[in-house]
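Chemist: below are the sequence and a predicted model; questions follow.
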Amino acid sequence: MTFDPSSPVDASHFSAVGPCPVLVSAATDAVATETQAVRIGVDLDASLTCSDPDAFDILVTSRIDAPAPWSIVPAGSPAAHADALADRVRQFPVAATILARVLRMSAHLPFNDALYLESLAYSTLLGGHEFGGWLEKRRPSPDTDCASADLVGLEREADHIVLTLNNPEQGNPMTAAMRDALYNALANVLDDPSKPTVQIIGAGRSFSTGGHLPEFGQARDLAAAHVVRTVHGCARLIHQLGDRASVLFHGAAIGSGLEVPAAAARREATAEAWFQLPELSMGLIPGAGGTVSVARAIGRHRTMWLATSGKRVNARQALQIGLIHAIVAP
């Protein structure tokens, strides 16, 4: 029996509830855009030829000089890499197809509206079986006390403020307490009539290791969690600061530890910095603004690749794709 991705009759077949949540094809092939399936295009001959970039969610090539929206993979392996990405989608079809749809839609929305869309999708996935499965399999980790009066340090010189994520012993995780402290600091900067510039840095060996694992799955009212996420979203305030906001990454910047600061207009990193979006492996999508902040820095195709692959990107690669603007000395 033959199924047609463009047919409404076969729509469920090419979705998270059907057997085909992902389509892999040559980038030169015509692709049905109506389907919910994740669409991966492969540059088979390194020519950077694509029938319609907008029709795809990920485009992979081995050309080392490939511009956006291509994701560069090791020479000779784009087809194998695409197959590995497809396997990842099949493992988490609900989260992956929702992520692709959110990225497609948010590209046409104002920044704050796109954040709202992301949060709705994130709360939906918190109630899903893929995230539930991750919770059941996760090894319990110690819920160490992250509360501190100085979770975000503030230093000011003239009209420049440095905000420091200050829980170095644990890698500056983006706990609820850290988020609230950063939100309050950013809100005060925005309210300051002198309009100071602000730089965000991290104490210790890592900029931020992202969400604090013991806090995942704690929300019982997912609708209220959506409201809190949008009201206290730090990425929104950083974006609102415009050219006044900058960030200096070092060490690890994982998950929300990348998503929030990626909203800064100026992004720099030391040479040993690295970046990762691991949420798909938890049955989730980036939920701290990453589908907006990261996507507006590197494009939705590369963001989808980063989140689907779960791979670490080093500072040199981050500079190449536009995630950071410069590599600087520590």
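Modeler: Noted; the coordinates are in hand.

Chemist: let me see the ranges of the helices in the chain.
Modeler: Using DSSP state H, the helices found in the chain span residues 78-91, 93-106, 111-126, 129-137, 176-191, 222-231, 234-241, 256-259, 290-298, 300-309, 315-321.

Chemist: mean pLDDT and mean neighbour count for the ones you listed - can I get that in a markdown table?
Modeler: Backbone N, C-alpha and C define where each C-beta goes, glycine included. What follows is these, written out as a markdown table (pLDDT from 0 to 100; neighbours: other CB atoms under 10 Å):
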| stretch | mean pLDDT | mean neighbour count |
| --- | --- | --- |
| helix 78-91 | 96 | 18 |
| helix 93-106 | 98 | 22 |
| helix 111-126 | 97 | 20 |
| helix 129-137 | 92 | 14 |
| helix 176-191 | 96 | 18 |
| helix 222-231 | 92 | 14 |
| helix 234-241 | 98 | 22 |
| helix 256-259 | 98 | 29 |
| helix 290-298 | 98 | 25 |
| helix 300-309 | 98 | 26 |
| helix 315-321 | 97 | 18 |
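
Chemist: counting neighbours, what do you get for the spatially closest residue to Arg101 that is not a sequence neighbour?
Modeler: Leaving out its chain neighbours, the residue that sits closest to Arg101 by CB to CB, 6 or more residues apart in numbering is Gln36, at 6.6 Å. A total of 19 residues lie near Gln36 under the criterion other CB atoms under 10 Å.

Chemist: just to revisit the earlier point, need the helices of the chain in CSV (columns: distance to Thr61).
Modeler: Below are the helices of the chain laid out as CSV (distance: least, CB to CB, whole Å):
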stretch, distance to Thr61
helix 78-91, 6
helix 93-106, 19
helix 111-126, 27
helix 129-137, 29
helix 176-191, 37
helix 222-231, 35
helix 234-241, 30
helix 256-259, 24
helix 290-298, 15
helix 300-309, 11
helix 315-321, 13
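
Chemist: closest one to Phe207 among those helices?
Modeler: helix 256-259 (6.1 Å; CB to CB).

Chemist: what residues does the closest one touch?
Modeler: With contacts defined as CB atoms under 8 Å, 6 or more residues apart in numbering, helix 256-259 is touched by 172-174, 179, 206-211, 235, 275-277, 286-290, 293-294.

Chemist: spit out the contact partners of Ser77.
Modeler: Here Ser77 is in contact with Ser62 (CB under 8 Å, 6+ apart).

Chemist: next: Asn188.
Modeler: Per CB under 8 Å, 6+ apart, neighbours of Asn188: none.

Chemist: ok, Glu34 next?
Modeler: 5-6, 8, 11.

Chemist: only the buried subset of those, as a ChimeraX command please.
Modeler: Per 16 or more other CB atoms under 10 Å, the buried members of the contacts of Glu34 correspond to this ChimeraX selection:
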select :5,11
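
Chemist: coming back round to it: out of the contacts of helix 256-259, which are inside strands?
Modeler: Among the contacts of helix 256-259, the members falling in strands (DSSP state E) are 275-276.

Chemist: against Asp83, how distant is the residue nearest to Arg101?
Modeler: 20 Å (CB to CB, to the nearest Å).

Chemist: got it, and Leu117?
Modeler: Leu117 is 30 Å from Asp83, where distance means CB to CB.

Chemist: and the two most separated of the contacts of Glu34?
Modeler: Top of the distance list for the contacts of Glu34 (CB to CB): Pro5 and Pro8, 10.7 Å.

Chemist: quick one: contacts for the most centrally placed residue in the chain?
Modeler: For the chain, Gly290 is the residue whose C-alpha lies nearest the centre (CA atoms, centre = their mean; 3.6 Å). Shown in contact with Gly290 (CB under 8 Å, 6+ apart): 118, 255-256, 258-259, 262, 277, 279, 303, 307.

Chemist: please report the distance of it from Arg104.
Modeler: 15 Å.
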